[in-house]
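A.B. asks: build me a structure from this.
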Amino acid sequence: MTAPLGPVTVFLVDDDPSILRAVGRLLRSADLNVATFHSPQEFLDRQDPAAPGCLVLDVTMPGLNGLELQQALIRAGNHLPIIFLTGDGDIPMTVRAMKSGAVDFLSKPCRDEDLIAAIMIALAKDQQLRQQQAQKRTIVDLLATLTPREHEVMLGVVAGKLNKQIAAELGTVEKTIKVHRARVMEKLHVSSVADLVRLSERIGAFARGG
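C.D. replies: Predicted coordinates:
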């Protein structure tokens, strides 16, 4: 398993102070940074969406419950991995949580090693998501450096068209297409058509939410 990079935090949300103390103590004994919250609303008010980590969340709480907090985070575009830890979960509740992307759904009391294992999986997932988001931002920034014509040439190249075909479609000469193509390769930091196609496939995956 990939180890989490940099400082990460396990965000623990439960309305039972004794659970916050016990689980917080367990996680700190495992050398994990912990931030505790007594309610989902307190978490929403205080948590920094840019902070890496995962969320250990009770389901049944006064006011906003755990499943509602999960949906609120999804709507906000916050994909912090969630582990539900609850004393009264049922099968439909579990299915709903997992379909919405929860990493695990553990019943209280759970074994310490099960909770720690789920948290490590969640932290690794968060690291992977953040790396993908960083790659996406880099690619978007590179694409923004292309002129409209260079973008058209790029689309032609990744579609497998010859320079003369692209030139005919764009109403220009093959020599001009070669110049645009070279600039596209330089700006996107790729050295071959194969690399350009792979980059294009990644762009498509990002567009589909992959």
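A.B. asks: got the phi/psi numbers for residue 14?
C.D. replies: Recorded main-chain torsions at residue 14 are phi -160, psi 140, according to degrees, to the nearest 10.
A.B. asks: what about it, neighbour count?
C.D. replies: Close neighbours of residue 14, defined as other CB atoms under 10 Å, add up to 25. All C-beta spots, glycine's among them, are computed from the backbone N, C-alpha and C.
A.B. asks: I figured it hits residue 60, correct?
C.D. replies: No: between residue 14 and residue 60 there is no contact, the gap being 10.0 Å when judged by CB atoms under 8 Å.
A.B. asks: quick one: contacts for the spatially most central residue of the chain?
C.D. replies: Residue closest to the average C-alpha location in the chain (CA atoms, centre = their mean): residue 129, at 3.1 Å. Residue 129 makes contact with 79, 81, according to CB atoms under 8 Å, 6 or more residues apart in numbering.
A.B. asks: quick one: the host helix or strand of it to chain centroid distance?
C.D. replies: Using DSSP states H and E, residue 129 maps to helix 112-143. Average the C-alpha atoms of helix 112-143, do the same for its chain, and the two points are 6 Å apart (CA atoms, centre = their mean, to the nearest Å).
A.B. asks: now do the strands in this structure.
C.D. replies: 9-13, 33-37, 53-57, 82-86, 104-107 (DSSP state E).
A.B. asks: which one of these lies closest to residue 198?
C.D. replies: strand 53-57 (30.7 Å; CB to CB).
A.B. asks: sheet-wise, list the partners of that closest one with their directions.
C.D. replies: Here strand 53-57 has these sheet partners by DSSP bridges: strand 9-13 (parallel), strand 82-86 (parallel).
A.B. asks: okay, the angle between the last one and helix 112-143?
C.D. replies: This means strand 82-86. Orientation check (axes from the mean of the first three to the mean of the last three CA atoms, to 10 degrees): strand 82-86 against helix 112-143 gives 150 degrees.
A.B. asks: now do strand 82-86, average pLDDT.
C.D. replies: Per-residue pLDDT values over strand 82-86 give a mean of 89.
A.B. asks: ok, now the first one?
C.D. replies: Across strand 9-13, the average pLDDT comes to 95.
A.B. asks: read off the pLDDT value for the residue nearest to the centre of the chain.
C.D. replies: For residue 129, the model assigns a pLDDT of 89.
A.B. asks: state the distance from it to residue 7.
C.D. replies: 17 Å (CB to CB, to the nearest Å).
A.B. asks: mind listing what's buried in stretch 143-162?
C.D. replies: 146, 150, 152-154, 156-158, 161 (16 or more other CB atoms under 10 Å).
A.B. asks: kindly apply the preceding question to stretch 188-199 instead.
C.D. replies: Of the residues in stretch 188-199, those buried by neighbour count under the rule 16+ other CB under 10 Å are 188, 190, 196, 199.
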